[in-house]
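Undergrad: test case, fold it:
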Amino acid sequence: MIRLHPSEINSQKMAAKFSLLRPHTLPVFTFYSPPRVAADKFLFTPILSYAATSTTTAAAAALSFSNISYGPSLQKGHSPFPLELPKYHSGENIASLDEAEFTRVFDISALRVPSDICSTLENRIRGHLLNWPRVKNIARVPGDEIDDQLKGIFPNPADGAETEDEDDKLMALNRRIHGKAEGDGEMLNEVLYRDKLARNFNSQGYAKFRHLARISRPKKKKRISGGGQKNGVKGVGRNDVAIVEVAEDESDSEDFSGLLGEDFGRRSKWRGSTRLLLLDEKYANKRIEELPEAIKVVFQEHENECRRSAFELVKCKLTLLYDYWQLNEVLEALLPKGTIIPSSFETVGHIAHLNLREEHLQYKNLIAKVVLDKNRPKIQTVVNKVDAIHNDYRTMQLEVLAGNNSLVTTVVENGLRFHVDLAAVYWNSRLATERQRLLNCFTPRDVVCDVFAGVGPIAISAAKKVKRVYANDLNPCAVEYLERNCVLNKLERQIEVFNMDGRRFIETIFASQRAQSITQVVMNLPKDAAEYLDAFRGVFQGP
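TA: Numbering: from 1, shown residues only. I've put the predicted structure just below:
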């Protein structure tokens with residue numbers, strides 16, 4: 001941090017007092033005095049603080065799950081595919097990951113309740129429910145509504161006709177069971193036919209008249225067929241993170257093959273529209289008598305109202321898939337014990353920028369694969385910085401570890417869009433809050449001079465607020481993207497762009513007539529900005 005006091009400034013030299021309190025500080029020079037005034041009346045005010053809130057995606061510190069007895073964990077449950085840690089700890093550079101090894105199955109209990117009262121019961125006994133993150137307490141399983149296989153034997157509506165009501169379908173099914181035709185076979189006369197259409201008319205048109213219905217109603221969205229459906233149960237794990245299965249009792253099923261055909265076979269009795277309330281894991285394999293009083297009271301209240309088959313305690317299997325587990329949980333299971341979990345990274349558009357330690361390099365492709373999986377679709381590329389910044393353009397040597405190889409991305413900051421090529425220009429998302437703090441200090445009367453503008457995060461943002469901006473950078477690629485971003489945000493008339501060395505730019509801009517209007521100077525060059533202060537000597541001397 002650079003602090004410059006008025007007593008330390010004269011017409012011949014300028015002394016800088018350095019106080020290194022916080023890193024990544026943006027030196028800002030604010031000129032409040034009129035142009036071309038005496039040096040002893042010149043006020044040089046620093047605006048120096050670091051409030052950079054990183055856009056880093058950082059997970060909570062990794063904890064040892066062996067000490068956690070509650071909640072889901074990769075150390076609990078049982079897996080159909082045991083995790084083969086030796087192959088990941090062998091020291092070889094492994095890039096592939098078997099997601100099936102992270103499947104965990106938990107034995108739990110659940111209450112099967114009628115669907116119309118499940119929400120009320122959830123609020124009453126919420127403290128005794130599963131309450132696991134990203135898993136709903138109310139679960140759907142096959143058979144809680146009309147079986148999909150049974151729907152196939154219902155009569156389909158005619159082409160262009162709307163879907164029939166459930167009551168009509170059940171009535172048609174009942175007629176087929178008793179050997180009756182779909183209709184009575186008698187044609188209605190014209191009067192009765194018009195009367196029937198009038199009764200079916202509503203605000204949406206003729207509900208049963210296919211031609212008018214097609215015109216008066218919007219098309220319904222087509223449901224995904226069985227081949228395109230996601231695995232799992234609707235309502236449980238939207239992103240296929242969890243699957244709930246009921247352990248059916250063989251004595252609770254009937255053989256429907258004689259009535260409906262060999263394809264149906266044995267299946268459980270349909271109990272009406274039901275849902276499952278997943279109970280806490282500590283109630284697994286317990287009987288009703290061993291459950292808390294709150295759950296017993298619920299059973300007693302609904303004993304007479306509901307059939308026994310519609311309100312019961314069932315055993316379930318909860319399967320948590322690879323997509324359920326968070327980044328730090330997967331990495332903790334993969335990396336050797338005692339290894340620091342690299343769970344934080346910088347986000348630049350669709351790129352995740354890692355800074356891996358030496359101990360992580362042999363697992364870099366594995367770490368990148370997990371980071372990519374857990375942050376899709378926002379993150380499409382994972383890179384690692386190979387070496388420190390040494391060149392004058394402050395570009396980083398990056399290695400693409402996972403995803404596509406494109407390092408050209410678009411960053412949105414302060415409502416503006418910036419095209420960035422991380423391979424050719426410098427960008428630091430961690431300074432977003434500091435840049436915003438800096439912009440809040442500008443006024444509409446200010447004229448800003450950005451000596452090290454880069455692709456324009458400060459210059460372009462300031463152009464929306466101040467009178468004029470002069471932006472400069474040494475890197476030709478950065479200047480090219482700066483001009484492109486000016487046009488992209490429709491601010492090219494507010495910004496004048498230069499491509500020269502910082503010291504030469506300062507001498508040139510203050511030697512011209514533009515210096516009379518400049519009120520703010522920004523020098524965002526970490527560690528080296530102070531070396532350019534000598535270029536300001538004598539710039540405010542009179543002619």
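Undergrad: identify each buried residue in the longest strand seen in the chain, please.
TA: Using DSSP state E to define each element, the chain has its longest strand at strand 104-114. Across strand 104-114, burial judged by 16 or more other CB atoms under 10 Å covers R104, F106, I108, S109, A110, L111, R112, V113, P114. The way it works is simple: take the backbone N, C-alpha and C, and place the C-beta from them, glycine included.
Undergrad: which secondary structure elements does the following helix or strand past it sit against?
TA: The first helix or strand that comes after strand 104-114 along the chain, using DSSP states H and E, is helix 118-124. Other helices and strands packing on helix 118-124, by 3 or more CB pairs under 8 Å, 6 or more residues apart in numbering; DSSP states H and E, are strand 138-139, strand 274-278, helix 293-301.
Undergrad: what mean pLDDT does the second one get?
TA: The pLDDT scores in strand 274-278 average 93.
Undergrad: direction included, what does that strand pair against?
TA: strand 104-114 (antiparallel), strand 138-139 (antiparallel) (DSSP bridges).
Undergrad: circling back to that earlier point, can you name the two of the buried residues of strand 104-114 that are farthest apart?
TA: Using CB to CB, the pair of these lying farthest apart is R104 and P114, separated by 30.6 Å.
Undergrad: how far away is N485 from I495?
TA: Using CB to CB, to the nearest Å, N485 is found at 9 Å from I495.
Undergrad: of all the buried residues of strand 104-114, which comes closest to G143?
TA: For those, the minimum distance to G143 (CB to CB) is 10.3 Å, reached by R112.
Undergrad: who's in contact with the closest one?
TA: Listed by CB atoms under 8 Å, 6 or more residues apart in numbering, the contact set of R112 reads V246, R271, T274, R275, L276, A310, F311, E312, L313, V314.
Undergrad: again with E303
TA: F311.
Undergrad: quick revisit: quick check: neighbours shared by N485 and I495?
TA: Overlap of the contact sets of N485 and I495 (by CB under 8 Å, 6+ apart) consists of G456, I460.
Undergrad: what bits of the chain have low per-residue confidence?
TA: Along the chain, segments meeting pLDDT under 70 span 1-69, 83-95, 146-194, 196-240, 248-271, 304-309, 540-543.
Undergrad: the closest residue to A463 other than its chain neighbours: what's it in contact with?
TA: Spatially, and ignoring its direct neighbours in sequence, A463 is nearest to Q494 (3.9 Å; CB to CB, 6 or more residues apart in numbering). Q494 makes contacts with A463, K464, R468, V469, as judged by CB under 8 Å, 6+ apart.
Undergrad: and D373, its phi and psi?
TA: Dihedral pair for D373: phi -70, psi -40, per degrees, to the nearest 10.
Undergrad: turn the helices and strands packed on helix 118-124 into a markdown table, including mean neighbour count.
TA: As requested, those are exported to a markdown table (neighbours: other CB atoms under 10 Å):
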| stretch | mean neighbour count |
| --- | --- |
| strand 138-139 | 22 |
| strand 274-278 | 24 |
| helix 293-301 | 14 |
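Undergrad: okay if I get those as a markdown table plus distance to L401?
TA: Below are those laid out as a markdown table (distance: least, CB to CB, whole Å):
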| stretch | distance to L401 |
| --- | --- |
| strand 138-139 | 38 |
| strand 274-278 | 38 |
| helix 293-301 | 50 |
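Undergrad: can you tell me how far V447 is from D195?
TA: The span separating V447 from D195 equals 82 Å under the rule CB to CB.
Undergrad: and for Y393?
TA: Noted for Y393: a distance of 84 Å to D195, by CB to CB.
Undergrad: neighbour count winner among the two?
TA: Y393 (15 against 12; other CB atoms under 10 Å).
Undergrad: can you give me the helices in the protein?
TA: 85-88, 118-124, 148-151, 166-177, 190-199, 210-216, 257-260, 293-301, 327-334, 364-374, 432-439, 459-463, 476-488, 502-511 (DSSP state H).
Undergrad: what's around T443, how many residues?
TA: Neighbour tally, T443, other CB under 10 Å: 10.
Undergrad: how close does it sit to A352?
TA: Counting by CB to CB, the gap from T443 to A352 is 37 Å.
Undergrad: verify the contact between C486 and I460 for me.
TA: Yes. Counting by CB atoms under 8 Å, C486 touches I460, with 6.2 Å between them.
Undergrad: between these two, what contacts are shared?
TA: With CB under 8 Å, 6+ apart as the test, C486 and I460 both reach I495.
Undergrad: pick out whichever of the two has more residues nearby.
TA: Set side by side, C486 and I460 show more neighbours around I460, with 27 against 22, by other CB under 10 Å.
Undergrad: which ones are touching the more buried one?
TA: By CB under 8 Å, 6+ apart, the residues touching I460 are L416, F418, V469, L482, N485, C486, N489, L491, I495.
Undergrad: hmm, the last one is touching A471, no?
TA: What it means is I495. Yes. If you go by CB under 8 Å, I495 and A471 touch, sitting 5.6 Å apart.
Undergrad: quick check: neighbours shared by the two?
TA: G456, A459.
Undergrad: looking at the two, which is more packed in?
TA: When I495 and A471 are compared on other CB under 10 Å, the one with more neighbours turns out to be A471, at 30 against 23.
Undergrad: picking up where we left off before, export the contacts of I460 to a markdown table and tack on distance to D387?
TA: Listed next are the contacts of I460 as a markdown table, based on distance: CB to CB, whole Å:
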| residue | distance to D387 |
| --- | --- |
| L416 | 31 |
| F418 | 25 |
| V469 | 33 |
| L482 | 25 |
| N485 | 27 |
| C486 | 32 |
| N489 | 33 |
| L491 | 35 |
| I495 | 33 |
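Undergrad: so how far is L335 from the residue nearest to R104 when sequence neighbours are not counted?
TA: Excluding the flanking residues, the one nearest R104 by CB to CB, 6+ apart is G77, at 3.8 Å. The gap separating G77 from L335 is 20 Å, by CB to CB.
Undergrad: before we move on, what about S429?
TA: Counting by CB to CB, the gap from S429 to L335 is 26 Å.
Undergrad: same thing with L361?
TA: 12 Å.
Undergrad: of these two, who's got more company?
TA: The residue with more neighbours, out of L361 and L335 and counting by other CB under 10 Å, is L335; that gives 21 against 12.
Undergrad: please spell out which residues along stretch 421-441 are buried.
TA: So, applying 16+ other CB under 10 Å, buried residues of stretch 421-441: 421-429, 431-432, 434-439.
Undergrad: and what of stretch 378-387?
TA: So stretch 378-387, judged by 16+ other CB under 10 Å, has buried residues I379, Q380, T381, V382, V383, N384, K385.
Undergrad: contacts for it, please.
TA: Taking CB under 8 Å, 6+ apart as the rule, stretch 378-387 contacts 347, 350-356, 364, 368, 371-372, 396-407, 409, 422.
Undergrad: in PyMOL, select just the buried ones from those.
TA: Restricted to buried positions by 16+ other CB under 10 Å, the PyMOL selection for the contacts of stretch 378-387 reads:
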select buried, resi 347+350+351+352+353+354+356+364+368+371+372+396+398+400+401+402+403+407+409+422
